[in-house]
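Peer 1: Build me a model from this:
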Amino acid sequence: MKKKIILLAGPTASGKTKIAIRLAKSVNGEIINADSMQVYKDFEILSSRPSRDEIKLAKHHLYGFQSSGAIFSTGKWLKLASDKINQIVKKGKVPILVGGTGLYFKAITDGISQIPNIKFSDRNRIRNLHKKLGQKKFFEKLIKLDPISEHKISSSDTQRSLRAYEVKKFTKKSIYEWAKKTKPLFKNYVFKKLFINIPKNQLLKNIELRTNSMIKKKCINEVIKFKKRKLKKSLSPNKIIGVQEIQRFLSGDLDQKNLVELMNIKTRQYAKRQKTWSRAHMSDWHMIYSSNSSILLKKILNLVS
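Peer 2: This is a model prediction of the structure:
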């Protein structure tokens, strides 16, 4: 009988943390973080990491361990997550991967292409070129360099454009040619794939409640401490929703009302991108939801048994 790995995804503010803890208790499981921003030490509040009280309720892995000054990739996460999965299974427990980063889930189920490391200085050169040209002209330059990318990447997708360009530029091979060489790491496991498909109206309410809670929990202090470190703006923690907005608030560019509204807008946009990803890449996942957490847990347990 194949061992199982439970994957629990969903948009930000959909209630993944609480239901994951109840699930872990029900199936003798341990939780592994699959959210790219919850790995960073500096941002417990803004990244919506499980609280210290929540972590006591079930065993959690790969939360808040990474320095904000270090580069952290999907490949690095995959290695760490794979090690944790093997350790959990050896203990006779069930690994439960929880988060909102689609690329992490794709890496676990499909594997990851072995693209050679590209030097940080070379990656910065590409980012400086992008700043100089702007996304429209940069994308035109990309499809001349790598024609395969034209129908694979949206012309407005900055991150994927940058990645495709740097891979082709410095490896002489398209990122999509590398992708063909992926090898799944968990062939002898069965994946139980669950996506919390929360209705839009409820999600918007959750986002507003959570933003207000973040302000009350003094997320502003996290940004003040982070700002003192004077790290490069190109590093990923700067992309956590609230970091740039709170910096504007601290400089007097925004009042608190506008800060909260802007954080809500950015979070709504992020949740929309997560749902768009799920439609494109998670067609074989179970889309589930109930406003009653006990009913939702029963649905999940039926699907993972």
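Peer 1: Please pull out the lowest mean pLDDT helix or strand from the chain.
Peer 2: helix 175-179 (a mean of 87; mean pLDDT, DSSP states H and E).
Peer 1: so how far is the helix or strand just after it off the chain centroid?
Peer 2: For helix 175-179, the following helix or strand on the C-terminal side (DSSP states H and E) is strand 189-196. Using CA atoms, centre = their mean, to the nearest Å, the distance from the centre of strand 189-196 to the centre of the chain it belongs to is 17 Å.
Peer 1: likewise stretch 101-113?
Peer 2: Chain-centre distance of stretch 101-113: 11 Å, with CA atoms, centre = their mean.
Peer 1: can you check stretch 179-199 too?
Peer 2: 15 Å.
Peer 1: can you check stretch 131-139 too?
Peer 2: Centre-to-centre, stretch 131-139 and its host chain are 25 Å apart (CA atoms, centre = their mean).
Peer 1: Could you do stretch 161-171 as well?
Peer 2: For stretch 161-171, the distance to the chain centre is 21 Å (CA atoms, centre = their mean).
Peer 1: what do you get for stretch 73-89?
Peer 2: When distances are taken as CA atoms, centre = their mean, stretch 73-89 is centred 15 Å away from the chain's centroid.
Peer 1: Quick one: mean pLDDT over that stretch.
Peer 2: Averaging pLDDT along stretch 73-89 gives 95.
Peer 1: List the buried residues of that stretch.
Peer 2: Neighbour-count burial for stretch 73-89 flags Trp77, Leu78, Leu80, Ala81, Ser82, Lys84, Ile85, Ile88, Val89 (criterion: 16 or more other CB atoms under 10 Å). Where you see a C-beta, it was placed from the backbone N, CA and C, and this is true even at glycine.
Peer 1: can you check stretch 58-69 too?
Peer 2: Ala58, His60, His61, Leu62, Tyr63, Gly64, Gln66, Ser68.
Peer 1: mind listing the strands for the stretch 151-300 of the chain?
Peer 2: In the stretch 151-300 of the chain, the strands defined using DSSP state E, counting those that start in this stretch lie at 189-196, 286-288.
Peer 1: got the contact list for the first one?
Peer 2: Around strand 189-196, the neighbours that count as contacts under CB atoms under 8 Å, 6 or more residues apart in numbering are 2-11, 14-16, 19, 105, 108-109, 278, 282, 284-289, 296, 300, 303-304.
Peer 1: where does the protein dip in pLDDT?
Peer 2: Counting by pLDDT under 70, the chain contains low-confidence ranges at 1.
Peer 1: of all the strands of the stretch 151-300 of the chain, which lies closest to Ile265?
Peer 2: Among the strands of the stretch 151-300 of the chain, the nearest to Ile265 by CB to CB is strand 189-196 (21.9 Å).
Peer 1: List the strands paired with that closest one, with their directions.
Peer 2: Sheet partners assigned to strand 189-196 using DSSP bridges are listed as strand 3-9 (parallel), strand 286-288 (parallel).
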